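# sequence first, then the predicted structure:
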Amino acid sequence: MQSGRLFQLLYLLLEGENWTVHRLSERLEASERTIRRDLDALSAAGIPVYTVQGRGGGVRLLPGFVLDRSLLSGQEQDTILYGLQTLHATGMDATDDLLRELSRLFRRETAKRWIDADFSPWNGGIDRALFDLLREAILHHIPISFDYYSAEGETTSRTIEPVRLSFKGMAWYIQGWCRLREDFRTFKLNRMDAVSLCEGEHFTPRELPPLPDQIALGTNMTSVVVRFAPEIAYRVYDEFDRARIAPQPDGSLIVHTDWPPGLWGVSYLLSYGSTAEVIQPEELRRALAQEAKKIAAQYAHDEENEDFR
């Protein structure tokens, strides 16, 4: 984010308009302290930035200064533009203006937009207002509070110091220091409710551990083996890693995967109906059978209703 803001800041100054630190902070949606720090960074990089005090003063570049495009090779310029295109695909609107500005600066108006991605599922996905709130919390080091629904069906109130928003396994997660657990935790955004900023509070970011390959949300993962019928193969290939899918001679598919324990696995497998059969573990197989019996009992009276049939 800092490099993108520095490019925007430099481009605004190159336009020759007289900018105050206050106006720059409003335009770039950053604090005045951050803008002053960015101006120092530009100056340290050899950009002739200076300020004029008093009425009509502001931040300017030395007259006649021109950014030397040759400082970056053509390949480096393209790499920057393509990187911004990728960032724009995550829904960050601020990158669109910057992309146009740098394309014009680098004289690469013909650069093709090579990626178009929508990270939200058909049922809505991450809410844009929530995305903006989390971005503000992470960038400005503001704690957030929310109610969280765990895979075990429990609801807890949490306050975390958010550090990173991640997209993994077709879902959005936020990582941060959980004040309740006094440790880093990873939370799935779809399970968060009543998210709000802790106004007036700030925190010093802690060193964040890497995002785990298996996001267990504080629980141990369970090895699961499931056989899927041939007619549901399209969905199996949509939802599981191909390396974990073993096609069988009869057309069925056996999937080896890892899931968090609890009700989640049962409810997920029920969505496959009779096209999925748990091979192991035995406890998941029994839990699924018990839930199926409850469902059958719930609808048993319908079988006796002639109008229904």
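Good, I have the coordinates. Only a predicted model underlies this, so the values are computations on that prediction, with no experimental measurement involved.

# okay, residue 181: pLDDT?
As summarised for this prediction, residue 181 has a pLDDT of 92.

# 51 is where my numbering starts, stick with that
Sure, I'll start numbering at 51, so the last one becomes residue 231.

# pretty sure residue 252 is in a helix, no?
No - Residue 252 is assigned coil when assessed by DSSP: H, G, I helix; E, B strand; the rest coil, not a helix.

# which of the three states applies to the residue lying closest to it once chain neighbours are set aside?
Counting by Cβ to Cβ, 6 or more residues apart in numbering, residue 252 lies nearest to residue 191, which is 5.1 Å off, once chain neighbours are set aside. The way it works is simple: take the backbone N, C-alpha and C, and place the C-beta from them, glycine included. Residue 191 falls in the coil class when you classify it by three-state DSSP.

# who does residue 328 bridge with?
Applying DSSP bridges to residue 328 yields these beta-bridge partners: residue 276.

# can you count the residues close to it?
Counted with other Cβ atoms under 10 Å, residues neighbouring residue 328 total 20.

# quick check, it in contact with residue 316.
No - between residue 328 and residue 316 there is no contact under Cβ atoms under 8 Å: 9.4 Å.

# overlap of the contact sets of the two?
334, 338 (Cβ atoms under 8 Å, 6 or more residues apart in numbering).

# what sits against the residue nearest to residue 252?
Counting by Cβ under 8 Å, 6+ apart, residue 191 touches 211, 252-255.

# what about the helices in the stretch 101-250 of the chain?
In the stretch 101-250 of the chain, the helices defined using DSSP state H, counting those that start in this stretch lie at 124-138, 144-155, 178-189.

# thinking again about what came up before, compare the contacts of residue 191 and tell me which is most surrounded.
Within those, neighbour counts (other Cβ under 10 Å) peak at residue 211, which reaches 22 neighbours.

# what bridges to that one?
residue 227.

# pull stretch 215-234 out as PDB, backbone CA atoms only.
Taking Å, rounded to 0.1, in the frame of the first residue of the first chain, the C-alpha atoms of stretch 215-234 are listed here in PDB:
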ATOM      1  CA  LEU A 215      -6.900 -10.100   5.500                       C
ATOM      2  CA  SER A 216      -6.400 -13.300   3.500                       C
ATOM      3  CA  PHE A 217      -8.300 -15.200   0.800                       C
ATOM      4  CA  LYS A 218      -7.700 -18.900   1.000                       C
ATOM      5  CA  GLY A 219      -9.700 -22.000   0.100                       C
ATOM      6  CA  MET A 220     -12.500 -20.000  -1.500                       C
ATOM      7  CA  ALA A 221     -13.100 -18.000   1.600                       C
ATOM      8  CA  TRP A 222     -12.000 -14.700   3.300                       C
ATOM      9  CA  TYR A 223     -10.200 -14.800   6.600                       C
ATOM     10  CA  ILE A 224      -8.800 -12.200   9.000                       C
ATOM     11  CA  GLN A 225      -5.800 -12.800  11.200                       C
ATOM     12  CA  GLY A 226      -5.100 -10.900  14.400                       C
ATOM     13  CA  TRP A 227      -4.200 -10.900  18.000                       C
ATOM     14  CA  CYS A 228      -7.200 -12.200  20.000                       C
ATOM     15  CA  ARG A 229      -7.500 -10.500  23.400                       C
ATOM     16  CA  LEU A 230      -9.800 -13.200  24.700                       C
ATOM     17  CA  ARG A 231      -7.400 -16.100  23.800                       C
ATOM     18  CA  GLU A 232      -4.200 -13.900  24.200                       C
ATOM     19  CA  ASP A 233      -2.800 -15.400  21.000                       C
ATOM     20  CA  PHE A 234      -3.100 -15.000  17.200                       C
END
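
# since that was my last question, I'll sign off now.
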